[in-house]
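K.L.:
Give the three-dimensional model of this entry:
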Amino acid sequence: MSAPFKLDVAIPLYNEENVIPELLRRVRAVLDGIPGGPHRIVVVDDGSSDRSWQILEAAAATDDRILGVALSRNFGHQAALTAALDHADGDAVVVMDGDLQDAPEAIPALLERYHEGHDVVYAQRTKRKEAWPLRLSYFLFYRLFARLAERQLPLDAGDFAVLSARVVRELRKMPEHHRYLRGLRGWVGFRQTGVVVERSERFAGQSKYGPIKLLKLAFDGIFAFSIVPLRAAAALGVSTVAMAGAFTLYALYRKIMLDESPRGFTALLTLGTFLAGMNLFFLGVIGEYIGRIYEEVKRRPLYVISKTTGGGSDG
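P.N.:
Now for the predicted structure:
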């Protein structure tokens, strides 16, 4: 007789004191309806400065299905998500954000496809509730990323997903610091499929992803899964050399055959400025790759744990 199916829900949090009670209530209600168990909720507090940890401790004291993990400081969403995965030990793990934009009520639909034999079932977001400039930015990014990435990744799929235990094990083998987990998830392979899920509004509070953090996440994805920017630099260099060679031949022709030199100081200045700008731009791109190599060779841990609570932990 096989062991009962056990599900873990991995959730990173940062300053979500107004969301946690409702989040835990809805996740527990969903877990109560899933056969098997015991199921768990693994919540990682990513260095919150509000009362998030105190609320988690109180909840864990009354429900042993809740495991709380506090990081020593704010390491960032992807590092906290990695910490949650590292503490999950279910037959399958649901990865979701803690702001309730990922509706816990969608978990049974994801699990239905998981039980059909898929190792990864990701939610494809539809009907997003953000302002239209942000929705447009997401739309363009996912399609640009799909064009640049060496491996085809699903459009409009965030971190909300069900992962099998063997996918989680493979993700744990990837220690890279600039993490883009939805990309790593796709890179792992196995059978993957998507389920269309309506993106909910944030339950309370403000998004922790401002424009700078969103750009950083986008760069992490592009630089981790594509070398197209480097190839673009090489292509521009070759094009520039070709144009310079053609212009040199043209100048020689004018001088030898017509006894005159090409004129156009303004055009020359514009061209020089343009090329200098492009040089600096691609130096920045190359520097970005080198900087990421520097971060990797230091081999610092992705996160540091301050304390744990509930779920059989020692605190």
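
K.L.:
Please make it C-alpha for all contacts and neighbour counts, starting now.
P.N.:
Fine.

K.L.:
Against His177, how distant is Gly76?
P.N.:
11 Å (Cα to Cα, to the nearest Å).

K.L.:
quick one: contacts for Val162?
P.N.:
When contacts are counted by Cα atoms under 8 Å, 6 or more residues apart in numbering, Val162 is found next to Ala92, Val93, Val94, Val95, Ile107, Leu110, Leu111, Tyr114, Asp119, Val120, Val121, Tyr122.

K.L.:
tell me the secondary structure for the fifth one?
P.N.:
The reference is to Ile107. With DSSP: H, G, I helix; E, B strand; the rest coil as the basis, Ile107 sits in helix.

K.L.:
Centre of the chain to stretch 124-143, how far?
P.N.:
15 Å (Cα atoms, centre = their mean, to the nearest Å).

K.L.:
Would you mark the buried spots in it?
P.N.:
By 16 or more other Cα atoms under 10 Å, the buried positions in stretch 124-143 come out as Gln124, Arg125, Arg128, Tyr138, Phe141, Tyr142.

K.L.:
so which one among these has the lowest pLDDT?
P.N.:
Across the buried residues of stretch 124-143, the member with the lowest pLDDT is Arg128, scoring 68.

K.L.:
quick one, strands of the stretch 151-300 of the chain?
P.N.:
157-164, 192-198 (DSSP state E, counting those that start in this stretch).

K.L.:
Tell me which residues touch the residue nearest the centre of the chain, please.
P.N.:
Nearest to the geometric centre of the chain sits Tyr180, at 3.5 Å (Cα atoms, centre = their mean). Shown in contact with Tyr180 (Cα under 8 Å, 6+ apart): Gln78, Leu217, Asp220, Gly221, Ala224.

K.L.:
what bits of the stretch 1-150 of the chain have low per-residue confidence?
P.N.:
Residues of the stretch 1-150 of the chain that meet the criterion pLDDT under 70 lie in 1-2, 128-130, 149-150.

K.L.:
Trp53 - how many residues pack around it?
P.N.:
27 (other Cα atoms under 10 Å).

K.L.:
typed the wrong thing, it's Ser239
P.N.:
Counted with other Cα under 10 Å, Ser239 comes out at 12.

K.L.:
distance of it from Ala276?
P.N.:
15 Å.

K.L.:
and of the strands of the stretch 151-300 of the chain, who's closest to Tyr303?
P.N.:
Among those, strand 157-164 comes nearest to Tyr303, with 18.9 Å by Cα to Cα.
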